[in-house]
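*Asks:* quick one, fold the following:
(one chain, ligands or ions: 1)
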Amino acid sequence: MNILVINCGSSSLKFQLIDSNTEECKASGLCERIGMDESCITYKPANGEKEKKVSPMPDHKEAIRLVIEALTNEKTGALKSLSEIDAVGHRLVHGGEKFNKSVIINDEVIKAVEECNDLAPLHNPANIIGINACKALMPNVPMVGVFDTAIHQTMPAKAYLYGTPYEYYEKYGVRKYGFHGSSHSFVSKRAAELVGKSYEDCKTIVCHLGNGSSICAVENGKSVDTSMGLTPLEGLLMGTRSGDIDAGALEYIMKKENIDFKEMMTILNKKSGFLGVSGVSSDCRDVESAAADGNERAKAAMDVFFYRVAKTVGGYIAAMNGVDVIAFTAGIGENDKHTREEIMKYFGYMGIKIDAEKNSLRGEEVMISTPDSKVKVYVIPTNEELKIARETAALVK
Ligand code: ADP
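*Replies:* Numbers count the residues shown, from 1 in each chain. Now for the predicted structure:
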């Protein structure tokens, strides 16, 4: 089956065409600056050159039309005609408590996703625009929604409840939801395979460390805790997000700086994290190289990052009363040996040992722990699009 995977943001749209039988990515690309000047589409067929073209895209429907045009282009297209698309898989960000698995999209589902808009006001409306644009251009092609939050619906109440008045949970759904579901699910399944255990009998900790970062504890095939919360702001130090902070500090900063809550949230989401602490960049590579050159703030940012990851992993080992495998994934997790080494140093007491040579490999699936390490540690490149294509094919079949 040819599955078109769509990840639709408010002004961008990423896509991949995946053959669900061979699991090969036949083409991929990105539409940027939708609804703005100089919008452009980048398209790359599996065995061809990447092409970038400026093309007006007043809305997402036009973006999808251009995606279809690129996919069916006579010379470079991966398909002969639109009729070869068997299904569309949409990445959907927030399914609240309504969705604990992927679903075939129908009008009822769209309505239920809309009801979660308050929980993800930037992402969910954009996801729905993407669904409607596909529906308008491919009315007879089945569509599936794969939620970032769904796998975490198995968390127990002790992990997802905040210490706020219970009525906020009851009335407004204020609780931890967690994100990066496709990645945590893809990587934890693969980790269980690699250590030769059944998914239903394996304790895994997935460290998804990218621009946005989260950690997930997967016990016996179920997410039992994760570091992001009601929103993706909770937890680790990220590229521009603060992660955990004492809520009392917000009032203090707002008074001192004479700023309102909206500005405070912009600071926590866009001006904090690596960028805010180091003052150098939101990109881990820049911060690390500044730290290596002796920049103290950059070093502090990296240290906070390593320490928080280690504390969270340690907490999840306690939560599961053990761990069989720890997996690193995403931009930093897959590529940065120094980060992996620094984090794993905290676990020497547990008998975790890292093989320096294996750990220096980049971006490939590899066991980086030594054969006598008490817990196996892997780098597993994530593939969220493939996960979405698999879920889509399974439901459409
Ligand atoms: P997103 O959350 O946007 O999907 P990614 O998973 O692509 O992010 O991760 C982006 C992060 O990965 C950036 O901070 C970048 O610095 C980091 N990164 C990519 N390559 C390397 C590398 N070789 N060494 C260290 N960090 C890297």
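
*Asks:* use CA for all of it now, contacts and neighbours both
*Replies:* Fine.

*Asks:* quick one: residue 258 and the ligand, what's the gap?
*Replies:* As judged by C-alpha to the nearest ligand atom, to the nearest Å, residue 258 and the ligand stand 31 Å apart.

*Asks:* ditto for residue 92
*Replies:* With distances taken as C-alpha to the nearest ligand atom, residue 92 is found 15 Å from the ligand.

*Asks:* pretty sure that residue contacts residue 147?
*Replies:* Yes - counting by C-alpha atoms under 8 Å, residue 147 is a contact partner of residue 92 at 4.6 Å.

*Asks:* buried ones in the helix ranked longest in the chain?
*Replies:* When every helix of the chain is counted residue by residue (DSSP state H), the longest turns out to be helix 296-320. For helix 296-320, the buried set under the neighbour-count rule, 16 or more other C-alpha atoms under 10 Å, comprises 297-310, 312-314, 316-317, 320.

*Asks:* same thing with stretch 32-39?
*Replies:* Judged by neighbour count using 16+ other C-alpha under 10 Å, the buried positions of stretch 32-39 are 32-35, 39.

*Asks:* among those, which are in strands?
*Replies:* residue 32 (DSSP state E).

*Asks:* and the buried residues of stretch 32-39, which is closest to residue 53?
*Replies:* residue 39 (8.7 Å; C-alpha to C-alpha).

*Asks:* all strands of the stretch 1-150 of the chain, in order?
*Replies:* Remark: strands assigned in the stretch 1-150 of the chain by DSSP state E, counting those that start in this stretch are 2-8, 13-19, 24-32, 40-45, 51-54, 87-92, 103-104, 143-147.

*Asks:* end-to-end on stretch 76-85?
*Replies:* Across stretch 76-85, the straight-line distance between its terminal residues is 16 Å, by C-alpha to C-alpha, to the nearest Å.

*Asks:* ok, and what's touching it?
*Replies:* Stretch 76-85 has contacts (C-alpha atoms under 8 Å, 6 or more residues apart in numbering) with 1-4, 26-27, 45, 48, 68, 70-74, 141.

*Asks:* any residue of stretch 210-224 touching the ligand?
*Replies:* Yes - Stretch 210-224 comes into contact with the ligand (C-alpha under 6 Å from any ligand atom), by way of 210-212.

*Asks:* starting at the chain centroid, how far to that stretch?
*Replies:* Between the centre of stretch 210-224 and the centre of its chain there are 10 Å (C-alpha atoms, centre = their mean, to the nearest Å).

*Asks:* quick check: mean pLDDT across that stretch?
*Replies:* Model confidence over stretch 210-224, given as mean pLDDT, is 97.
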